[in-house]
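# sharing a model prediction with you, sequence too.
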Amino acid sequence: MNTLRHSQGGRAAFAREFLDDERGDVPGWVLVTLMTAGLVVLIWAVAGPALSTLFEQAIQRVSGI
């Protein structure tokens, strides 16, 4: 009987600890999202013209213009 109580108490403690660990993680995800968006904008600004030129050249080769 003591083992059963210990097992149930252990599960409850684990559940509380797991739920407590997940709280407050939203600011981290917001930071990751904003940093990712910033990197996309930066890379797009740097590589955008080169990618546009590459795309236009590929279309010209395929269409034969």
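Happy to help now that I have it. Numbering: from 1, shown residues only.
# residue ranges with poor pLDDT in this protein?
1-9, 18-24, 65 (pLDDT under 70).
# in it, which spans are helices?
For the chain, the helices defined by DSSP state H occupy 2-22, 26-63.
# mind putting those helices into a markdown table with mean neighbour count?
All C-beta spots, glycine's among them, are computed from the backbone N, C-alpha and C. Output for the helices of the chain, formatted as a markdown table (neighbours: other CB atoms under 10 Å):
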| stretch | mean neighbour count |
| --- | --- |
| helix 2-22 | 9 |
| helix 26-63 | 10 |
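# and A58, how far is that from A15?
Going from A58 to A15 by CB to CB, to the nearest Å gives 55 Å.
# and L54, by the same measure?
In terms of CB to CB, L54 sits 53 Å off from A15.
# what's the answer for A50, then?
Counting by CB to CB, the gap from A50 to A15 is 52 Å.
# likewise L51?
Taken as CB to CB, the span from L51 to A15 is 49 Å.
# got it, and W29?
Counting by CB to CB, the gap from W29 to A15 is 22 Å.
# cool, V26 as well?
The gap separating V26 from A15 is 20 Å, by CB to CB.
# list the contacts of A37.
For A37, no contacting residues are found, by CB atoms under 8 Å, 6 or more residues apart in numbering.
# ditto for the one 3 residues further on
Contacts here follow CB under 8 Å, 6+ apart; on that basis V40 touches nothing.
# do R11 as well
Residues counted as contacts of R11 (CB under 8 Å, 6+ apart): none.
# what about it, distance to V32?
Separation of R11 from V32 (CB to CB): 31 Å.
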